[in-house]
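1. A structural model of the following input is requested.
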Amino acid sequence: MVKNKRGFTLVEAVLTVALVSIVFVLGSQIFVQINRFIILNRTKIELQREARAILPIINSNLRQASVNSLIIDQVSGQPYYSRISFRRVDGTDYTFYQQNKKLIMTTSGTSQVLSSNLRYLAFAAPRSDDLTIVSVSLTLEKEITELRTKALHMASEKVMIMND
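-> Sure, this is the predicted structure:
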């Protein structure tokens, strides 16, 4: 008479543990990748919103500038063409410039930080004989420390100055 034994053999137990381990490893890798994607996307959207808020401020004030008051230069130790100074037709002096990772707007002596995620800022006149058009380029960057990566957003616009 043969007894019907219940239980698992050693081979069945080892195979079960191996398969469950593979599923957990693959599942955790997929979870990490999805989490990384979500964080990176969220950061890119945040930088896009920031750029969309900054550019209209620069553009609307630059459109009201007097062409004769326009000065494009740099703050000492900062990239070339990273500062623009001008006087609006209403007499208000404006300066936009890069100071390390900050984009700063100065209005008649009062400074305000527009962004702390600035990587690069440049102002240029595409034609040297016509200063009524100014190209504004900015690159925003934010480090994602958990992922050891950086999210970038670059924006560029040409602004026509309305006042000679």
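
2. where in this protein is pLDDT low?
-> 1-2, 146-149 (pLDDT under 70).

3. in it, which residue is closest to the centre?
-> residue 140 (2.9 Å; C-alpha atoms, centre = their mean).

4. beta-bridge partners for that residue, please?
-> residue 118, residue 153 (DSSP bridges).

5. so what's it up against?
-> Listed by C-beta atoms under 8 Å, 6 or more residues apart in numbering, the contact set of residue 140 reads 47, 50, 51, 115, 117, 118, 119, 152, 153, 154, 155. C-betas here are computed from N, CA, C, even on glycine.

6. recalculate using a threshold of 7 Å.
-> Under the criterion of C-beta atoms under 7 Å, 6 or more residues apart in numbering, the neighbours of residue 140 are 47, 50, 51, 115, 117, 118, 119, 153.

7. with neighbour count and distance to residue 17 added, can I get those residues in TSV?
-> Converted to TSV, those look like this (neighbours: other C-beta atoms under 10 Å; distance: C-beta to C-beta, whole Å):
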residue	neighbour count	distance to residue 17
47	22	45
50	21	49
51	19	51
115	20	52
117	20	47
118	22	52
119	18	49
153	21	46
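
8. export these as TSV, with columns for distance to residue 108.
-> Output for these, formatted as TSV (distance: C-beta to C-beta, whole Å):
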residue	distance to residue 108
47	29
50	24
51	25
115	21
117	26
118	22
119	28
153	30
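
9. where does the residue lying closest to residue 99 once chain neighbours are set aside land in three-state SS?
-> For residue 99, ignoring the flanking residues on the chain, the nearest one in space by C-beta to C-beta, 6 or more residues apart in numbering is residue 75 at 6.2 Å. Following DSSP: H, G, I helix; E, B strand; the rest coil, the label given to residue 75 is coil.

10. next, residue 75: phi, psi?
-> Phi and psi for residue 75, reported as degrees, to the nearest 10, are phi -80, psi 140.

11. same check on residue 28?
-> According to degrees, to the nearest 10, residue 28 has phi -70, psi -40.

12. number of residues surrounding it?
-> 10 (other C-beta atoms under 10 Å).

13. that one and residue 21: what is the separation?
-> 11 Å (C-beta to C-beta, to the nearest Å).

14. tell me the contacts of the residue nearest to residue 99?
-> Residues near residue 75 by C-beta under 7 Å, 6+ apart: 82, 83, 97, 98, 99.
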